[in-house]
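Visitor: Can you look at this prediction? I've put the sequence above it.
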Amino acid sequence: MQEVQYRKPLEKRKAEEKEKQMKFMKNIKLETVGQSAMMVNWDNVNMVKEITTSFGEVYRELYFTNGSTVVTTETMEDLEGKLNEERKKR
């Protein structure tokens with residue numbers, strides 16, 4: 001006799017998928033130029049560009065998939081360190 005397999009209800013499958021996605025999100029906390037804290041889902045970042053102002057101040061611009069940007073004073077090394085810490089948690 002063949003065993004019958006039942007599919008989980010749609011709501012339960014969606015909830016499990018969302019939970020699975022949350023486990024892989026790389027959320028890191030950044031400080032913006034305005035010194036406010038910001039939580040960034042790194043999966044939504046396209047690139048980081050280092051810029052220097054005419055006064056010699058160095059910043060990093062984060063470009064997001066939706067076209068918006070954020071400027072931070074954190075160095076590339078700081079960003080890499082935060083991402084590595086987040087990876088170790090998983």
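Guide: Right, received. Where do you want to start?
Visitor: okay, now V33: neighbour count?
Guide: For V33, the count of nearby residues is 13 (other Cβ atoms under 10 Å). Bear in mind the C-beta positions are built from the backbone N, C-alpha and C, glycine included.
Visitor: which residues touch it?
Guide: Y59, V71, T72, T73 (Cβ atoms under 8 Å, 6 or more residues apart in numbering).
Visitor: wait, isn't the second one in contact with R60?
Guide: Read it as V71. Yes: taking contacts as Cβ atoms under 8 Å, V71 lies within contact range of R60: 7.2 Å.
Visitor: So for these two, which sits in the more crowded spot?
Guide: Neighbours were counted for V71 and for R60 using other Cβ under 10 Å; R60 has more, 19 against 13.
Visitor: so that one bridges to which residues?
Guide: E50, T72 (DSSP bridges).
Visitor: quick one, what contacts it?
Guide: Per Cβ under 8 Å, 6+ apart, neighbours of R60: V48, K49, E50, I51, V71, T72, T73, E74, T75, M76, L79.
Visitor: I28 too?
Guide: M39, V40, W42, L79, K82, L83, E86.
Visitor: Secondary structure of the fourth one: a helix, I assume?
Guide: Yes: with DSSP: H, G, I helix; E, B strand; the rest coil as the criterion, L79 is assigned to a helix.
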